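> No letters, just coordinates:
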């Protein structure tokens, strides 16, 4: 099974898609990576989905990536006596630490960290930004607020604080438990939520200890202020436009998306654009034209992957959503303007041997019209550096490591192949690459491929050789 497109698709699993039959349909329809949302479900349910994905992988013979998305420090108000209240613009409203059910004058905010960090004038957004409060007075155990934008507020609705860096870790007690479970079950990426500082990523990296890539979700304005430091510690990033769109003005979100994609591409780390991409397909069999344009924009921007959330997790048309996203990507990538953008937005190579080899592989492949670039890689870094150049032809990511092949499922243009054993000579390496290119459907007899490898063989980080080979 080879994809004709380069941009990958991430599909979230949930009640609509957690069956062997639907998983198979989604994968064959275009999903490359499956996301498990640990904000919902149980460990037993997630374990069952992981088993189904690995069985599908065995059946199809193709590596499939699994993203475990941990919840992060979700801030919420407490409960109300009547379950909900109506708050009027201009009235006063208190947020305090008391667990007594609230009313139209006050409610519990069980997060003393917010009391510490907030100041006079700090903005608090409730229920995904539908209600807006401004702090007018502050005490150690409560905040007196003015309601700037009123509305109905019900039990346990979320709270966002866009103005300040909160002194809370990115990983809660629940996240630590979920993280241990996910790593023990061999997931490929950890989605790290509500990151504010590079230290948040460093903590997750320490826990993962190389067992999974850290995919940092950028959904806080504070993360954008620390973008370079966060990206430097991340293996991949996600533009999580849901919460980002709550804390940033709507007109700023497209610019933030482009900035993040551009910065990630510069570093050569995979970047996923997510949230509300085909939102109307939760309940409709076709997207709006604006949604189709949104997916196309992410592809034109150069994202490695685009993601479906509720569309496949809880929607009525999960297969149709994946199929539609696949069709949109394929159509964009057949447009001459897309290739021109790839050429014009290519970041310059860094002054390293691996980048020199990657740049040369792309240029040689273009000059001779090679059908593929075969990249031998242990950790995935060689395939990543070549994918960063956005070559005209596909990249065969050849590795002896199954975990590396799975991680490459999210990387632009890379078709990962697990080889049974290491090669020991360049002749053997080239021979295996040409056979693989032919058997995987990338090249036919007489076609040419470019092979990137490292000498001595079997050592990570030694990519230093290029060969041009004819397929026999």
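Right, received. Where do you want to start? Computed from a predicted structure; not experimentally measured.

> low-scoring stretches of this protein, by residue?
Along the chain, no part satisfies pLDDT under 70.

> In it, spot the helix with the most residues.
Taking DSSP state H as the criterion, the chain has its longest helix at helix 43-60.

> any idea which helix or strand comes after it?
Using DSSP states H and E, the helix or strand that follows helix 43-60 in sequence is strand 65-69.

> contacting residues around the longest helix of the chain?
1, 13, 18-20, 23-24, 27, 34, 36, 38, 63-64, 66, 68, 178, 181-182, 185-187 (C-beta atoms under 8 Å, 6 or more residues apart in numbering). In short, each C-beta sits where N, CA and C put it, glycine included.

> Among these, name the buried ones.
Buried by 16 or more other C-beta atoms under 10 Å: 13, 18, 23, 27, 34, 36, 38, 63-64, 66, 68, 178, 181-182, 185, 187, out of the contacts of helix 43-60.

> re the thing from before, next, the buried residues of the longest helix of the chain.
For helix 43-60, the neighbour count (16+ other C-beta under 10 Å) marks 46, 49, 50, 52, 53, 56, 57 as buried.

> could I get those as JSON lines with distance to residue 233?
Formatted as JSON lines, those follow (distance: C-beta to C-beta, whole Å):
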{"residue": "46", "distance to residue 233": "26"}
{"residue": "49", "distance to residue 233": "28"}
{"residue": "50", "distance to residue 233": "26"}
{"residue": "52", "distance to residue 233": "32"}
{"residue": "53", "distance to residue 233": "27"}
{"residue": "56", "distance to residue 233": "32"}
{"residue": "57", "distance to residue 233": "29"}
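
> closest to residue 453 among the residues you listed?
residue 57 (26.0 Å; C-beta to C-beta).

> any idea how far the closest one lies from residue 63?
6 Å (C-beta to C-beta, to the nearest Å).

> Residue 5 too?
17 Å.

> and the longest helix of the chain with strand 65-69, angle?
170 degrees (axes from the mean of the first three to the mean of the last three C-alpha atoms, to 10 degrees).

> Nearest residue to residue 267 in space, ignoring adjacent ones along the chain?
Of all residues not flanking residue 267 in the chain, residue 231 sits nearest, at 5.7 Å (C-beta to C-beta, 6 or more residues apart in numbering).

> mind listing what the one you found touches?
With C-beta under 8 Å, 6+ apart, residue 231 has these contacts: 216, 237, 263, 264, 267, 269.

> Show only the entries of these found in strands.
Assigned to strands by DSSP state E, the following of those qualify: 216, 237.

> Redo the contacts of residue 231 as JSON lines? Include distance to residue 437 and neighbour count.
Listed next are the contacts of residue 231 as JSON lines, based on distance: C-beta to C-beta, whole Å; neighbours: other C-beta atoms under 10 Å:
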{"residue": "216", "distance to residue 437": "34", "neighbour count": "28"}
{"residue": "237", "distance to residue 437": "31", "neighbour count": "28"}
{"residue": "263", "distance to residue 437": "33", "neighbour count": "19"}
{"residue": "264", "distance to residue 437": "28", "neighbour count": "26"}
{"residue": "267", "distance to residue 437": "29", "neighbour count": "16"}
{"residue": "269", "distance to residue 437": "26", "neighbour count": "21"}
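
> how about the helix or strand hosting residue 228: buried residues?
Assigned by DSSP H and E, residue 228 belongs to helix 227-233. By neighbour count on 16+ other C-beta under 10 Å, the buried set for helix 227-233 is 227, 230, 231, 233.

> go on, stretch 309-320?
Buried residues in stretch 309-320, defined by neighbour count with 16+ other C-beta under 10 Å: 309, 310, 311, 312, 313, 315, 317, 318, 319, 320.

> Which strands and helices lie in contact with the helix or strand encompassing the last one?
Taking DSSP H and E as the definition, one finds residue 320 inside helix 318-333. Using 3 or more C-beta pairs under 8 Å, 6 or more residues apart in numbering; DSSP states H and E as the contact criterion, the secondary-structure elements in contact with helix 318-333 are strand 8-12, helix 20-29, helix 289-301, strand 305-308, helix 310-313.
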